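Chemist: just a sequence and a predicted model for now, questions to come.
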Amino acid sequence: MPLHIETPLFESPSLSKSAHRQIWLKLDALQPSGSFKLRGIGAACEAYAQRGKRRFISSSGGNAGIAVAYAGHHLGIPVTVVVPASTTHRAKELIREQGGEVIVHGATWDEANALAMSMIGEDAAFLHPFDDPLLWNGHATLVDEVARAGFKPDAVVLSVGGGGLMSGVVEGLRRNQWADIPVIAVETIGADSLAQSIQAGQRVTLPSITSVATSLGARQVCAQAFALAQSHDVRSVVVPDRAALAACERFLDQHRLLVEPACGASLALAYEDAAELHGFDKVLVVVCGGATASIDDVRKWAASAG
Ligand SMILES: *Cc1c(COP(=O)(O)O)cnc(C)c1O
């Protein structure tokens, strides 16, 4: 049995009304770790355990680190997550709740990651948050479930950070003979590393992340995601933080589920009936979730985003 669960798939009455078309949700916010990350991380952890690894190391203070802690707990393998000082109290608590060891090191992720890398010995596996084919293979199960349910969307909307989710979803579309379905790849302003790369015709490294959607805050997308943006029908959209945050509030109100702004970015397209959706009758939105923000965080950010 995999570590992730099969999540609900249904048409949202409220979002369909806002978007003037069918909006279907794949509710990965309901994964036990709080985000879709468990699909790929769970699969990767199982593969590394089978290869004889006896410790999992991560440097993600976000949903990837939480998923590694969950997977390690269920596989009986100790987990160490090295995070920078900026990591939220909530994220550290969620990692510790699953028995994960949290080491706070350095002011930036680069410093935390360097320590994490130095800890990888013979018997330890490093779990990358988005750049690992094992991860994409696990994320692809999201599309397998949609195909098995017998629902074929006209387009898939998803959020992009480092591009692991997008790489997995495109892999899933291809392995279900759905390579013709376009992917609408959403980022927020200030975390738009894919959009800027597509525009520049090469992978761009952002100088810094200025969006509140920290789960989308990879300064550079993985090579696989950039390559897929060339070989698949990928349409890039960038939304302001304000729209992502408003979508979080409306989604909480209508579906009684709190998601991070990283996920609100995708929902914002449906709430605002964005031009990118025009021409599609049945749109699947990947509700990627996220466990690191509280409703107070969302409201505080919304107040300062104006
Ligand atoms: C990690 C994450 C993303 C982005 O996924 P990538 O694979 O990095 O593109 C989006 N939303 C949430 C909630 C995440 O945790």
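Modeler: Perfect, I can see it now. Numbering: from 1, shown residues only.
Chemist: and the residue lying closest to Ala179 once chain neighbours are set aside, which of the three is it?
Modeler: Leaving out its chain neighbours, the residue that sits closest to Ala179 by CB to CB, 6 or more residues apart in numbering is Leu173, at 5.8 Å. No exception for glycine: its C-beta is placed from N, CA and C like everyone else's. Look at Leu173: counting by DSSP: H, G, I helix; E, B strand; the rest coil, its state is helix.
Chemist: count of neighbours near the residue of the stretch 1-150 of the chain found nearest the ligand?
Modeler: Per CB to the nearest ligand atom, Asn63 is where the stretch 1-150 of the chain lies closest to the ligand, at 3.3 Å. When neighbours are counted by other CB atoms under 10 Å, Asn63 registers 29.
Chemist: which parts of the stretch 1-150 of the chain sit against the ligand?
Modeler: Contacts of the stretch 1-150 of the chain with the ligand, taken as CB under 6 Å from any ligand atom, map to Ser35, Lys37, Gly62, Asn63, Phe130.
Chemist: I'd like those residues written out as CSV, with secondary structure added.
Modeler: Compiled in CSV, these are given as follows (three-state DSSP):
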residue, secondary structure
Ser35, strand
Lys37, helix
Gly62, coil
Asn63, helix
Phe130, coil
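Chemist: so which of those is the most crowded?
Modeler: For those, neighbours were counted by other CB under 10 Å; the highest total belongs to Lys37, with 35 neighbours.
Chemist: what residues are up against that residue?
Modeler: Counting by CB atoms under 8 Å, 6 or more residues apart in numbering, Lys37 touches Gln31, Asn63, Ala64, Ile66, Ala67, Pro129.
Chemist: switch the cut-off to 7 Å
Modeler: For Lys37, the contact set (CB atoms under 7 Å, 6 or more residues apart in numbering) comprises Asn63, Ala64, Ala67.
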